[in-house]
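J.: quick one, what's the 3D model for this:
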Amino acid sequence: MLALLSQLVIDKEAAMPVYLQLTNQLTGFIKTGALMAGYRLPSTRQLAGQLNIHRKTVIRAYDDLLAQGWLQSHTGSGTFVAANLPVIKPQTILVDNTTPAVKAGFAIKSPAHLQRPIANLNIPLHLDDGFPDTRIAPVLDLSRAYRTQLLTGNPYVRLGYGDTRGTEWLRNELATYLNTTRGLRITPANILVVRGTIMGLNLTCTGLLEPGDTVVTAQPGWVGAEANFLQAGAKLIKIPVDEYGLDIGALDTLCQKQKVKLVYVTSHHHYPTTVALRADRRVSLLALSRKHGFIIFEDDYDYDFHYENKPLMPLASADDAGMVVYCGSFSKTVSPAIRVGYLVASENVIEYLASLRRIIDRQGDTLLENAIAELLQNGIIQRHLRKSLRLYRQRRDIFCSLMNDQLKNHVQFKVPEGGLAVWAQFDKSIDLNELAQKALKKGLYFQGENNSATLGFTRLGFASSTPTELETSVEILAKLLTNP
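T.: I've put the predicted structure just below:
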């Protein structure tokens, strides 16, 4: 056993305290069976001398192990490995037991729909998926509002537990804001504040879908939504999108053949193509929902950014039968880092999904929610949106002009009426993923092919880049396409 203890390794330069290094290594020896139950450990003086450390360090380590139940102390006899530990067949001793575990000792499933790469945007230039320019976000106003919430008022209330549905102030402000801007007819009881569209979608899938239910999405569509439906065990059926949005005739035919539980739609600016769902199709979709009893999940991810005329009113504004679950967030309005979104639905749906949210995430960020409420109440977000709309329209026009001038032989697109990205079709001879890798080496990110079902297409975001950055980005693409 003395030979065993000679394998103890202490690194006095390490960030981990010496006593904790000793504690962890002794615990590891016991767990592997190298130190058996009842074994008498050296005295604190002996071990301190052997390891060339202070005796008080060994005492502290022993005290920790005694408190945790790994050791027992008998007055006058010494310190022993606890006698009540089970007999463990000796295993290989790992002196360095601080290495993080890489592979679990149990099996886990890793379905294909969860294998989605995370974009690396820490590079100079980016034609992204359609993100806002966070450099113009009202961060000073937000920080002042957040600081106010952090420092003023009753600390028991402002720093304690709150309403799972979201703060009352924010739900009141959201009700007013959404009624005014989107033609909704709601009260705070119709709102559940969530951390973003993904959370709202996941709650809806978990709470309103059963394994085997049929969910309809668009083709092409958003893989983030599809992943949630598949994770819920739903059967996914995709319906084509044309220049007028989702093919409602195809949906009608499907509903006559089988029961559909939910239809996911991005009606204002379809993701990824950016086309708007035409008025007659909106009316037909709501009528089909009432007739066949399916839920409409309306993801209105970038409602505020429509350039040619006023934004189209969401389906939820004309829903008299309580069939629409409407979802939006401040990710595109302010910044993706501001994790505040909202679900809007009938009161009983909100009450149910709030109870489900409570067992997943007790509540949101009360301070942030109230800070956003203050910005809405003071009109700061509304002013920011007006400024953003003008700026993004200008960038859209510049970007589309640049592409027409420099990429017209390689790329086809329509100028989007709204949104923060262009849906671009590259020549069939171009390997988009290879092009994306070459661009990355030049300091330009874009995501390559949107997905395997839309070969040759991708989204090129313009909103997050300045005119100069857009010029440089298009120049890089033009040079790569001309001299591959």
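J.: and I108, helix, strand or coil?
T.: Using DSSP: H, G, I helix; E, B strand; the rest coil, the three-state assignment for I108 comes out as coil.
J.: do you know how far it is from T167?
T.: Going from I108 to T167 by CB to CB, to the nearest Å gives 37 Å. Bear in mind the C-beta positions are built from the backbone N, C-alpha and C, glycine included.
J.: and those two? Which one has more around it.
T.: Taking other CB atoms under 10 Å, I108 and T167 do not tie; T167 has more neighbours (25 against 6).
J.: can I assume L208 is in contact with A234?
T.: No: look at L208 against A234 with CB atoms under 8 Å: they stay out of range, at 10.4 Å.
J.: name the residues contacting each of the two.
T.: 261-262 (CB atoms under 8 Å, 6 or more residues apart in numbering).
J.: ok, those two, which is more surrounded?
T.: More crowded of L208 and A234, by other CB under 10 Å: A234, with 22 against 19.
J.: test my guess that that one contacts Y264.
T.: No: A234 is not in contact with Y264 according to CB under 8 Å; the separation is 10.2 Å.
J.: if I look at these two, which residues touch both of them?
T.: Contact criterion CB under 8 Å, 6+ apart; residues shared by A234 and Y264: V215.
J.: so what pLDDT did I398 get?
T.: Predicted confidence (pLDDT) for I398: 97.
J.: I'd assumed T468 was in contact with it.
T.: No: I398 is beyond contact range of T468, at 9.9 Å (criterion: CB under 8 Å).
J.: who has more neighbours, these two?
T.: I398 (18 against 9).
J.: other SSEs contacting the longest helix along the chain?
T.: Across the chain, the helix with the greatest residue count (assigned by DSSP state H) is helix 380-406. Using 3 or more CB pairs under 8 Å, 6 or more residues apart in numbering; DSSP states H and E, the elements in contact with helix 380-406 are helix 366-377, strand 411-413, strand 421-426, helix 467-482.
J.: apply 6 Å and report the result again.
T.: helix 467-482 (3 or more CB pairs under 6 Å, 6 or more residues apart in numbering; DSSP states H and E).
J.: run the chain-centre distance for the helix it packs on.
T.: With CA atoms, centre = their mean, to the nearest Å as the basis, helix 467-482 stands 30 Å off its chain's centre.
J.: mean confidence for that helix?
T.: 94.
J.: buried residues, that helix. List them.
T.: 469-470, 472-474, 476-478, 480-481 (16 or more other CB atoms under 10 Å).
J.: so where's the chain shaky on pLDDT?
T.: In the predicted model of the chain, residues 1-5, 87-100, 120, 450-454, 484 satisfy pLDDT under 70.
J.: quick check: longest strand of it.
T.: Among the segments of the chain that qualify as a strand by DSSP state E, the longest is strand 235-242.
J.: quick one: strands adjacent to the next helix or strand after that one?
T.: Toward the C-terminal end, the helix or strand that comes next after strand 235-242 (DSSP states H and E) is strand 245-246. Paired with strand 245-246 in the same sheet, following DSSP bridges, are strand 235-242 (antiparallel).
J.: in CSV, list the C-alpha atoms belonging to the partner strand.
T.: Taking Å, rounded to 0.1, in the frame of the first residue of the first chain, the C-alpha atoms of strand 235-242 are listed here in CSV:
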residue,chain,number,x,y,z
LYS,A,235,-44.8,12.0,-38.7
LEU,A,236,-43.5,14.8,-41.0
ILE,A,237,-45.1,15.5,-44.3
LYS,A,238,-43.8,18.3,-46.5
ILE,A,239,-45.9,20.3,-48.9
PRO,A,240,-44.3,22.5,-51.7
VAL,A,241,-43.9,26.2,-51.6
ASP,A,242,-44.3,28.3,-54.8
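J.: and it, how far out from the chain's middle?
T.: Distance, stretch centre to chain centre, for strand 235-242: 24 Å (CA atoms, centre = their mean).
J.: quick one: buried residues of it?
T.: Result for strand 235-242 [16+ other CB under 10 Å]: buried residues 237, 239, 241.
J.: distance to R282 added to these, as TSV?
T.: Formatted as TSV, these follow (distance: CB to CB, whole Å):
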residue	distance to R282
I237	20
I239	15
V241	14
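J.: can you tell me which of the residues you listed comes closest to S289?
T.: Proximity to S289 was ranked across the buried residues of strand 235-242 by CB to CB; first place goes to I239, at 14.3 Å.
J.: look up how far D163 lies from the nearest residue to R165 once chain neighbours are set aside.
T.: Once flanking residues are discounted, R165 sits nearest to A354: 4.7 Å by CB to CB, 6 or more residues apart in numbering. Using CB to CB, A354 is found at 8 Å from D163.
J.: so which of those two has more stuff around it?
T.: Taking other CB under 10 Å, A354 and D163 do not tie; A354 has more neighbours (21 against 16).
J.: who does the helix or strand harbouring the more buried one touch, helix- and strand-wise?
T.: For A354, the element it lies in under DSSP H and E is helix 347-358. Applying 3+ CB pairs under 6 Å, 6+ apart, one finds that helix 347-358 contacts strand 191-194, helix 197-208.
J.: summarise which helices and strands the first one is packed against.
T.: Put plainly, it is strand 191-194. helix 168-182, strand 341-344, helix 347-358.
J.: domain assignment for the chain?
T.: Listed domain ranges for the chain are 2-81, 125-131+383-482, 137-381 (source: automatic domain parsing).
J.: quick one: closest of those domains to L114.
T.: Nearest of the domains of the chain to L114, taken as CB to CB: domain 137-381 at 6.4 Å.
J.: first-to-last residue distance for the closest one?
T.: End-to-end distance of domain 137-381 (CA to CA, to the nearest Å): 9 Å.
J.: show me how far it is from its chain's centre.
T.: The chain centroid and the centroid of domain 137-381 are separated by 15 Å, computed with CA atoms, centre = their mean.
J.: distance of F297 from A234?
T.: The value you get for F297 to A234, if CB to CB is used, is 12 Å.
J.: go through stretch 365-378 and flag the buried ones.
T.: 365-377.
J.: residue closest to the middle of this protein?
T.: Nearest residue to the geometric centre of the chain (CA atoms, centre = their mean): I198, 6.2 Å.
J.: just give the nearest non-adjacent residue to that one, would you?
T.: I198 sits nearest to G224 (CB to CB, 6+ apart), 6.4 Å away.
J.: could you do T27 as well?
T.: W70 (5.9 Å).
J.: tally of neighbours for that neighbour?
T.: For W70, using other CB under 10 Å, the count is 19.
J.: mind listing what's buried in the longest helix of the chain?
T.: Under the neighbour-count criterion of 16+ other CB under 10 Å, helix 380-406 has 380-382, 384-385, 388-389, 392-393, 395-396, 398-400, 402-403, 406 buried.
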